[in-house]
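In: coords below, sequence missing:
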């Protein structure tokens, strides 16, 4: 009798969990995400896993809450049988710029990705044309993340440890001088989002533009999507609005970067289109 009862209870738990996952999947689709493949990663989902993800970069890096770097392959697995592996670097990420450059725990700047014949995790030289800008953005100890908002006008969005995102304008050097910060103003105020901002992404009027607090996510959306997608002469009216999904199902979100969600049941979702 006990054995039968255990089987019934187990079947109920499995059915309940599957139903929850189905609800999450449907809600993500309603949010404009399409379902992809599985994400197998022993370091984060294995029996003895202790790592927690903080960032998923556009360059295929998972950065933990402790600043450790993991490399990610959503298509083919690595030779370890997983979609992730520890990066060949002992550096820890302190702050990050454009998912490409990071300040490490040794205070120096490094490349996060392999680009232009430069290996990942290579120290950025002062001879780099953008080194002075990287320094201006990442050298302050209160900076967490920086993103280019308008390269033509030297505007960058910067998340600081006070939980606000600032628009920092950098003027170009003239006559051989160094660039400098011309102005700093709050662009995303934590008071407007119900709590300190812990992450954000900026991609103009795109759904991948987002602001995230401990409990909520706000995404850029067209308030008149039905009309502006239907009529050529109706411009879209974009606003950053709260996404109910992320509050209701936050316990199912392993990591999110604006365009990709990996759930705790190891499914990958990407913004459709």
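Out: Alright, I've got the coordinates. Please read all numbers here as calculations on a predicted model, not as lab measurements.
In: so residue 266 is in contact with residue 45, correct?
Out: Yes. Counting by C-beta atoms under 8 Å, residue 45 is a contact partner of residue 266 at 5.9 Å. All C-beta spots, glycine's among them, are computed from the backbone N, C-alpha and C.
In: looking at those two, which is more packed in?
Out: Shown here are residue 266 and residue 45; by other C-beta atoms under 10 Å, residue 45 has more neighbours (18 against 15).
In: do you know how far that one is from residue 164?
Out: Residue 45 is 33 Å from residue 164, where distance means C-beta to C-beta, to the nearest Å.
In: swap in residue 29?
Out: Taking C-beta to C-beta, one finds residue 29 at 33 Å from residue 164.
In: neighbour count winner among these two?
Out: For residue 29 versus residue 164, the count of surrounding residues by other C-beta under 10 Å is larger for residue 164: 18 against 13.
In: wasn't residue 186 part of a strand?
Out: Yes. Residue 186 forms part of a strand when assessed by DSSP: H, G, I helix; E, B strand; the rest coil.
In: show me what contacts the nearest residue to it once chain neighbours are set aside?
Out: Excluding its sequence neighbours, the residue lying closest to residue 186 (C-beta to C-beta, 6 or more residues apart in numbering) is residue 164, at 5.3 Å. If you count contacts by C-beta atoms under 8 Å, 6 or more residues apart in numbering, residue 164 has them with 186, 188-190, 197.
In: got the confidence number for residue 164?
Out: Looking at residue 164, its pLDDT stands at 98.
In: any idea how far it lies from residue 187?
Out: 8 Å.
In: do the same with residue 85
Out: 36 Å.
In: where along the stretch 101-250 of the chain do the helices fall?
Out: Applying DSSP state H, counting those that start in this stretch to the stretch 101-250 of the chain gives helices spanning 131-138, 225-228, 244-248.
In: of those, which approaches residue 173 most closely?
Out: helix 131-138 (7.4 Å; C-beta to C-beta).
In: can you list contacts of the strand or helix carrying residue 268?
Out: Following DSSP states H and E, one finds residue 268 within strand 267-271. The contact list for strand 267-271 (C-beta under 8 Å, 6+ apart) reads 21, 25, 28, 32-39, 74, 207-208, 258-263.
In: filter these down to the buried ones.
Out: Buried by 16 or more other C-beta atoms under 10 Å: 21, 25, 28, 32-33, 39, 74, 207-208, 258-263, out of the contacts of strand 267-271.
In: hang on, the earlier thing: okay, and the common contacts of residue 266 and residue 45?
Out: Counting by C-beta under 8 Å, 6+ apart, the residues touching both residue 266 and residue 45 are residue 39.
In: now the strands for the stretch 51-200 of the chain?
Out: 53-56, 61-64, 69-72, 84-86, 93-97, 101-104, 109-111, 143-150, 155-160, 165-171, 180-188, 197-201 (DSSP state E, counting those that start in this stretch).
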